[in-house]
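Asker: build the 3D model from these lines:
(one chain, ligands or ions: 1)
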Amino acid sequence: AGCADTGSSGGGSTGDAGSGSSENLAITFLPKNLGNPYFDTSSKGGKAAVDELGGTFAEVGPAEATPDAQVSYINTATQQGVGGLVVSADDPKAICDALNEARDAGVKVVTFDSDTNADCRDLFINQATAEGIAKIQVDLITEQIGDAGQIAVLSASANATNQNAWIDMMKTELEANHPDVELVEVAYGDDDDQTSFDKTAALLQTYPELKGIVSPTTVGIAAAARYLSTSDYKGKVMLTGLGTPNQMREYVKDGTVKEFALWNPEDLGYLTTFAAAALVKGEITGAEGDKFTAGKLGEYTVGADSTVLLGDPFKFNAENIDNF
Ligand code: RAM
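Answerer: Residues are numbered from 1 along each chain as shown. This is a model prediction of the structure:
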């Protein structure tokens, strides 16, 4: 299933005299941190796409999702002369200089999952609209607590671009449409399992009236579910947010969690790689209206602010969790 603009010439890209053989499809994935099953899955999709494209895949990343922990990995990728660098940003600004140095050296920079400021990357691949991700979580928690009472948010790290955008929109949505729900605290588990577990315990202790916790991070929701599942709060304090079906299955089955949401991280990694490759090949520049084909996922069009949208989030519950 080729697209119309490749084909007979053999090269496909414009510019210097070199043909397709000069395409640098060494693609490096740099997640927020290593050891997170969500990023293991997005990297799996990324590797599948790199293999299809005949390139070389690498994954590197820090142990902790702190604001500038990714800088040294970006610098190394630049020195190595990779073709594409794919990043889920721990901070919208702290890694910008390093990314722009990479771009000056010819590396195509694509953010996915968690963006930087728009002037430090060529493209952002967004898993779903921030409004949509915020709305689905507000709908889930308000439904589960009967649309009244105190809730808390257990987020990832305090500087995470994606969670901060979602939380802002969740606040707006709560204020506009859920006057009887009070958001009492946004706590940060740093996308670390133990920190998230401890922060869950602290929230429950600090707010005895707490009705629900929303955790917009797969690490946070899994740790919070583990805490709740063996506590007196199980089934009394509601927990929802964004989780992977594999991590959440047992907590849906034991009644700790009713329903939560996510997109397909594997597809996100796959799409991001095809976008990076299209930039490397010169098929797109990242301008609004640019079109490229992402293998089995089909054709995508670049939207405003050099952003590509994967699709809509999906809800998981006891009825469907075994299908994933
Ligand atoms: C965690 C990370 C990631 C986020 C998901 C929902 O794995 O914080 O950035 O998109 O949760």
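Asker: His178 contacts Thr142, doesn't it?
Answerer: Yes. Using C-beta atoms under 8 Å, His178 is in contact with Thr142, at 5.2 Å. Every C-beta, even on glycine, is put in place using the N, C-alpha and C of the backbone.
Asker: more neighbours, the two?
Answerer: Thr142 (24 against 18; other C-beta atoms under 10 Å).
Asker: Validate this expectation: the more buried one resides in a helix.
Answerer: Yes. According to DSSP: H, G, I helix; E, B strand; the rest coil, Thr142 belongs to a helix.
Asker: what sits against it?
Answerer: Listed by C-beta atoms under 8 Å, 6 or more residues apart in numbering, the contact set of Thr142 reads 174, 178, 181.
Asker: can you flag which of the residues you listed belong to helices?
Answerer: With DSSP state H as the criterion, helices contain Leu174 from among the contacts of Thr142.
Asker: looking at the contacts of Thr142, spot the one nearest the ligand.
Answerer: Nearest to the ligand, judged by C-beta to the nearest ligand atom, of the contacts of Thr142 is Leu174 at 19.3 Å.
Asker: kindly provide the distance from the closest one to Val86.
Answerer: Distance of Leu174 to Val86, given as C-beta to C-beta, to the nearest Å: 33 Å.
Asker: tell me which of the two has more neighbours.
Answerer: Val86 (31 against 20).
Asker: list phi and psi for that one.
Answerer: When quoted as degrees, to the nearest 10, the phi and psi of Val86 stand at phi -110, psi 120.
Asker: ditto for Cys120
Answerer: phi -110, psi 10.
Asker: so it touches Val109, yeah?
Answerer: Yes. Cys120 is within contact range of Val109, at 7.2 Å (criterion: C-beta under 8 Å).
Asker: now for those two: what residues contact both?
Answerer: 99, 103.
Asker: check Val82 and give its pLDDT.
Answerer: According to the prediction, Val82 has pLDDT 98.
Asker: what of the one 10 residues further on?
Answerer: Per-residue confidence for Pro92 comes out at a pLDDT of 97.
Asker: burial count for it?
Answerer: So Pro92, with other C-beta under 10 Å, has 21 neighbours.
Asker: quick revisit: between Cys120 and Val109, which one's more packed in?
Answerer: Ranked by neighbour count (other C-beta under 10 Å), Cys120 and Val109 place Val109 first, with 27 against 21.
Asker: what's the spacing between Gly54 and Asn24?
Answerer: Distance from Gly54 to Asn24, by C-beta to C-beta: 12 Å.
Asker: with Lys281 instead?
Answerer: Counting by C-beta to C-beta - Lys281 and Asn24 are separated by 10 Å.
Asker: between those two, which one's more packed in?
Answerer: Lys281 (21 against 17).
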